[in-house]
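Colleague: fold the following and give me the result.
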Amino acid sequence: MSGGVDSSTAAYLLLKEGYEVIGLTMKLWEGKEGRCCSVNSIEDAKRVAQKLSIPFYVLNLKEEFEKEVIEYFCNEYTNGRTPNPCIVCNEKVKFKVLLKKKEEFEASFIATGHYAKVKYNPVIRRYCLKKGEDLQKDQSYMLFSLSQDQLSHTIFPLGELTKEEVRSLATSVKLPVYSKTESQDICFVSQNNYNEFLKKRRPSAFKPGLIVTKEKKIIGTHSGIPLYTIGQRKGLGGGKKRPLYVIEIDKTQNIIVVGEREEAYAKSMEVAEVNWVSIPEPKTSIHCKVKVRYQHKEAEAIIVPLQEKKRCRVDFLEPQWAITPGQAAVFYEGDTVIGGGWIDKVIKNYQRS
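Modeller: Take a look at the predicted model:
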C-alpha cells in the first residue's frame, strides 16, 4: 500500500472478494512530500488500513532501496545512460520483499495497485503478463522483469478497471485518499531535479567536455554528461539555422554528439539482460511489437537472439526516435508482454568520423 488511491482501492476490492488482507507499506527514503513511500504517504496508507480494518505494517527497506535503486540510478547517469528506477524497484525491492513477507505471513498471494493482468496459459504452462484494461494507465511495461515465481503469486485487482472506475469506487466507499492526486516524479528526487540530486551523489561525474557533431566539429562545451539524454534539444547552444539534438553520448571521451532531428532516429539496437516473462525463450527470430520507453508507441520489429546469453538484437521495420541506452525495451504480442530487457547499444544509421 503506497498511500495512493490505486493500492488503497486494490485492498478494498480484495476484501470485497473475500480475501483476508494484510496491508504493507515500504519506507524507502526520508522524504516527507506526498509521493510514493514518503512519510506523508505512509500516514495515508495507515489511515486507509484503519478504514478497512486490516492489519498494517511498515517495512523499513531504506538500505535495500539505497543499494538496488539509488546506486543503480546514479551509476547509469554517470555512465551516460538514462535509467528507469521504477522498474528496478519493482523487481529488486518491492516484489522481491513482498514474496519473502508472503511466506512469513503464511499468505497465499501478494497484490499491488498496478494496472496489469496475470493469466495462466495451460498450453505453455506459464503465467503471462498482460496489459491492463485501461490502456491509458497500463503499467505492464514497468513489470517486464518479473519472474514466473513472482507472477504466479501475484494478483492485480485493478487489471480489469479504468482509472476513472477506480477513482469512482474509492469515492463511493469513502476511502480517505479518494481525491489524492498522483505524482509522475521519481520518489527520491525532490521536485524532479535530477541534476542537483546527481551532483550531490556523484560530483566527480560532472566533468566539462566538448559538444561535437558526428564529423567531430566542435560547436560548444558541456558541464557533465549526466545532464544529457538522447533526443535532448535544450542546453546545446544556439546559432544554428536548424535545431540540434543529442544523438550520442560518449562517456569514454566525455563528449556529447549532436545532429539534426533525423539523425536521432535508428532502426536497430541490442538489448541485454533479456527476461522472457510470458513465453519460453525463443531459439529463432520472432516478429512482435516493441516499446523503447513507457510512453512510446509500440513499433513492429524483428527480434534476433544473439549468442551471448540473455541478449538479442531488435530490428525495427521503421526507424524509431531517440532510442536511449539504459531504458527498457519491452516486447509485446497483442496484449501480452512476452519479454523485455535493457537497451545496451543503439546501432546508428551513420558512422562517426
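Colleague: ok, Asp335 touching Glu133?
Modeller: No. Using CB atoms under 8 Å as the test, Asp335 is too far from Glu133 to be in contact (9.4 Å). The way it works is simple: take the backbone N, C-alpha and C, and place the C-beta from them, glycine included.
Colleague: my read is that Gly23 contacts Val58, right?
Modeller: No. Counting by CB under 8 Å, Gly23 does not reach Val58; the two are 9.5 Å apart.
Colleague: those two: which has the busier surroundings?
Modeller: Gly23 (19 against 14; other CB atoms under 10 Å).
Colleague: for Gly23 and Val58, list the residues in contact with both.
Modeller: Shared contacts of Gly23 and Val58, defined by CB atoms under 8 Å, 6 or more residues apart in numbering, are absent.
Colleague: so where's the stretch 151-300 of the chain uncertain?
Modeller: Across the stretch 151-300 of the chain, the ranges flagged by pLDDT under 70 are 183-185, 237-240.
Colleague: how about the helices in it?
Modeller: Taking DSSP state H, counting those that start in this stretch as the test, the helices found in the stretch 151-300 of the chain are 163-172, 194-201.
Colleague: quick one: contacts of the first one?
Modeller: In other words, helix 163-172. So helix 163-172 is in contact with 5-6, 8-9, 12-13, 115, 134, 136-137, 158, 161, 177-179, going by CB under 8 Å, 6+ apart.
Colleague: and it, how far out from the chain middle?
Modeller: Mean-position distance between helix 163-172 and its chain equals 25 Å (CA atoms, centre = their mean, to the nearest Å).
Colleague: can you name the helix or strand that the most centrally placed residue in the chain falls in?
Modeller: In the chain, the residue lying closest to the centroid (CA atoms, centre = their mean) is Ile87, at 3.7 Å. Using DSSP states H and E, Ile87 sits within helix 85-89.
Colleague: quick check: next helix or strand after that helix?
Modeller: helix 95-104.
Colleague: quick one: average confidence on that next one?
Modeller: Averaging pLDDT along helix 95-104 yields 94.
Colleague: residues in contact with the lengthiest helix in the chain: which ones?
Modeller: As assigned by DSSP state H, the longest helix anywhere in the chain is helix 39-52. The contact list for helix 39-52 (CB under 8 Å, 6+ apart) reads 1-4, 7-8, 11-12, 15, 21, 23, 25, 27, 30-35, 55-56, 58, 174-177, 180.
Colleague: can you give me the angle it makes with helix 163-172?
Modeller: 60 degrees (axes from the mean of the first three to the mean of the last three CA atoms, to 10 degrees).
Colleague: list the buried residues in helix 39-52.
Modeller: Ser41, Ile42, Asp44, Ala45, Lys46, Arg47, Val48, Ala49, Lys51, Leu52 (16 or more other CB atoms under 10 Å).
Colleague: what do you get for stretch 137-157?
Modeller: Within stretch 137-157, the residues scored as buried using 16+ other CB under 10 Å are 137-146, 148, 150-151, 153-157.
Colleague: once you drop chain neighbours, what's closest to Pro282?
Modeller: Excluding the flanking residues, the one nearest Pro282 by CB to CB, 6 or more residues apart in numbering is Pro305, at 6.3 Å.
Colleague: may I have the residues that are in contact with the one you found?
Modeller: Glu281, Pro282, Lys283, Thr284, Ser285, Arg311, Cys312.
Colleague: show the buried residues in these.
Modeller: Arg311, Cys312.
Colleague: list just the nearest of the contacts of Pro305 to His296.
Modeller: Nearest to His296 among the contacts of Pro305 is Cys312, at 17.9 Å by CB to CB.
Colleague: next one: the closest one from Leu52, what distance?
Modeller: In this structure, Cys312 and Leu52 are 44 Å apart, going by CB to CB, to the nearest Å.
Colleague: ok, now Lys345?
Modeller: Taken as CB to CB, the span from Lys345 to Leu52 is 48 Å.
Colleague: and what of Ala272?
Modeller: Taking CB to CB, one finds Ala272 at 42 Å from Leu52.
Colleague: and for Ile186?
Modeller: 29 Å.
Colleague: ok, now Lys102?
Modeller: 19 Å.
Colleague: about what we covered before: just the buried residues of the contacts of helix 39-52.
Modeller: Judged by 16+ other CB under 10 Å, buried ones among those: 1-4, 7-8, 11-12, 21, 23, 25, 27, 31, 34-35, 56, 175-177, 180.
Colleague: in strands, which of the residues you listed appear?
Modeller: Judged by DSSP state E, the buried ones among the contacts of helix 39-52 include Gly23, Thr25, Lys27, Phe56 as members of strands.
Colleague: out of the residues you listed, who's nearest Tyr72?
Modeller: Lys27 (19.1 Å).
Colleague: that closest one against Lys62, yeah?
Modeller: Yes. With contact defined as CB under 8 Å, Lys27 reaches Lys62; the gap is 6.5 Å.
Colleague: so what's the gap between stretch 158-166 and the chain middle?
Modeller: 20 Å.
Colleague: number of nearby residues for the residue lying closest to Ala107 once chain neighbours are set aside?
Modeller: Excluding the flanking residues, the one nearest Ala107 by CB to CB, 6+ apart is Ile22, at 6.7 Å. Neighbours of Ile22 under the rule other CB under 10 Å: 18.
Colleague: which residues does Ile22 contact?
Modeller: By CB under 8 Å, 6+ apart, the neighbours of Ile22 are Ile54, Pro55, Phe56, Tyr57, Phe105, Ala107.
Colleague: much appreciated, bye for now.
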